[in-house]
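1. no sequence on this one, just coordinates:
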């Protein structure tokens, strides 16, 4: 989408100089091929043959018509969901994990270090590294490590080693533990640990599951397939809905459709859904900030709650990130994408309704999107509009049953992050003359 944006995307900045980051500055943690993709303004980038061969294990993923859900809601809306839960790890994440492992292997890298929230990304990278005979080290947000043991075991099965972050393995982790011995961890902290791990070993690179341009490029396979499948069904979307943590599934889903918006060929409404406990797009500041807690990454212009923000331990661990993909944030800021936030219990109500009508148990992250789908379908029931609502079903919830148990027993708490704490975290944003 980059070459088609009416207003260009702001570049990442070197925090020491305030100047745009150069390719050479990214070489300690990324291979040349991914750096080129990160900065490319080419509208199309070919998927390498070895990557295609692995993607064929589950791609193309199915686009389902949710007829049972439609009947249960009594809505005239037509509801479709793009099912990314059919991949071996159970989510959209291997779309980029396989590509990243391939490019790193081609560059002679032996080991990848990464972070993970709910465990979807970590398990996907462990899965991908198996195919290319690479080692995989995962720093998993501590609260998710404890909530989701089967995700950790899944990574172990595929040969990955997993540590609850913050750890004592890195300077970044030790600093957090010293400051807050009871820290639940955060994606920002885990990113700091993984980046430090990669930067201090010559045989290791860093792999990121969301946020960056090259990740969103790999994920556009979702939206491109959805476009073709809708055409086969004789449909055009009136609404596109997905959950947002860092922006990978949502970005990959919507970017091909954003091109149609820019070209004036569509007027579809695009909605990104996040938790009220981590309201990045709905309450964050549009500022340059670090992508990690320790301030080791370049500065990116994005909606942020502040890189020192440490969200509560809600069950949608994949949505607990202080920032979002700069490209997605740009689209929100320019008005192409709308943002919405929900608390946990309404989200799980929608998840239960979906599971009991469509038969698939959704991940807590995915269930945020489903809450918005249900609300919009009910709105169509009131207005009589026969809208085509299309949702990115980013992953299944087979390893999130403890969260469902808590919901069914009435133990889930709704939490809306206090504005005063958000303002406090925003007070730690880097200050230098960037103009924003």
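-> Cool, got the structure. Just so it is clear, the model here is predicted, and its values are computed rather than measured.

2. Give me the helices and strands touching the helix-or-strand element of the chain with minimal mean pLDDT, please.
-> The weakest-scoring helix or strand in the chain, judged by mean pLDDT, DSSP states H and E, is helix 419-426 (a mean of 84). Here helix 419-426 touches no other helix or strand, going by 3 or more C-beta pairs under 8 Å, 6 or more residues apart in numbering; DSSP states H and E. Where you see a C-beta, it was placed from the backbone N, CA and C, and this is true even at glycine.

3. For it, list every residue counted as buried.
-> Residues 422, 425-426 are the ones in helix 419-426 that count as buried (16 or more other C-beta atoms under 10 Å).

4. Just the closest of those residues to residue 301, please.
-> Nearest to residue 301 among the buried residues of helix 419-426 is residue 426, at 14.6 Å by C-beta to C-beta.

5. Model confidence for residue 244, exactly?
-> As predicted, residue 244 sits at a pLDDT of 96.

6. Report the secondary structure state of the closest residue to residue 354 other than its chain neighbours.
-> Leaving aside its chain neighbours, residue 354 sits nearest to residue 370 (5.1 Å; criterion: C-beta to C-beta, 6 or more residues apart in numbering). Three-state assignment for residue 370 (DSSP: H, G, I helix; E, B strand; the rest coil): helix.

7. Residue 370 reaches residue 350, doesn't it?
-> Yes - counting by C-beta atoms under 8 Å, residue 370 does reach residue 350; the two are 4.5 Å apart.

8. Those two: which is more packed in?
-> residue 370 (29 against 22; other C-beta atoms under 10 Å).

9. any idea how far that one lies from residue 346?
-> Distance, residue 370 to residue 346, by C-beta to C-beta, to the nearest Å: 10 Å.

10. Kindly report the same for residue 174.
-> 39 Å.

11. and if you look at residue 406?
-> In terms of C-beta to C-beta, residue 406 sits 15 Å off from residue 346.

12. repeat for residue 35
-> When residue 35 is compared with residue 346 (using C-beta to C-beta), they lie 41 Å apart.

13. Between the two, which has more neighbouring residues?
-> Applying other C-beta under 10 Å to residue 35 and residue 346 shows that residue 35 carries more neighbours, namely 20 against 16.

14. residues touching the more buried one, list them.
-> Contact partners of residue 35, counting by C-beta atoms under 8 Å, 6 or more residues apart in numbering, are 23, 26-27.

15. host element of residue 378?
-> helix 364-383 (DSSP states H and E).

16. and that helix, which residues are buried?
-> 364-377, 380.

17. Show me where the stretch 301-436 of the chain dips below the pLDDT cut-off.
-> Within the stretch 301-436 of the chain, the stretches with pLDDT under 70 are 312-318, 432-436.

18. hmm, 50 instead?
-> 433-435 (pLDDT under 50).
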